[in-house]
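Engineer: Here is my input; please provide its structure:
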Amino acid sequence: MGAWAYMLRCADGSYYTGSARNNDLAHRVAEHQAGAYPGYTSTRRPVELVWSEYFEQITEAIAAERK
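Structural biologist: Numbering: from 1, shown residues only. Below is the predicted model:
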C-alpha cells in the first residue's frame, strides 16, 4: 500500500508538508483547501500544491515528509 508525500505553499508564504495514503492526494489537498480540519493550513488558505512524490511504502513517504 503506497503513499504520497507532499508540500503546500500557504497564502502567507509559509510551507506545510504532509503525507496521504494510496491515491488520496487530491482529496487530501482539497481538505486543506476547504479548511476541513483545524490546524496549520486551515488559517493560511488558500494553499497551493508545490511538490508531491509517490512512495511504495508509507514509511518512505513519512521519511520524505520529515526531510
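
Engineer: residue closest to the middle of this protein?
Structural biologist: Gly18 (3.8 Å; CA atoms, centre = their mean).

Engineer: my guess is it contacts Leu8, does it?
Structural biologist: Yes. The criterion here is CB atoms under 8 Å, and Gly18 meets it with Leu8 at 7.4 Å. Using the backbone N, CA and C atoms, a C-beta is placed for each residue, glycine as well.

Engineer: Identify the contacts common to the two.
Structural biologist: Both Gly18 and Leu8 are contacted by His32, under the criterion CB atoms under 8 Å, 6 or more residues apart in numbering.

Engineer: Give the buried residues for stretch 60-67.
Structural biologist: Of all the residues in stretch 60-67, those buried under the rule 16 or more other CB atoms under 10 Å are Glu60, Ala61, Ala64, Glu65.

Engineer: nearest to Thr41, of those residues?
Structural biologist: Nearest to Thr41 out of those is Glu65 (CB to CB; 14.2 Å).

Engineer: show me what contacts the closest one?
Structural biologist: Counted by CB under 8 Å, 6+ apart, Glu65 has contacts Ala5, Tyr6, Thr17, Gly18, Ser19.

Engineer: Now for the third one: which residues touch it?
Structural biologist: Yep, that's Thr17 we're talking about. Ala5, Tyr6, Met7, Leu8, Glu65, Arg66.
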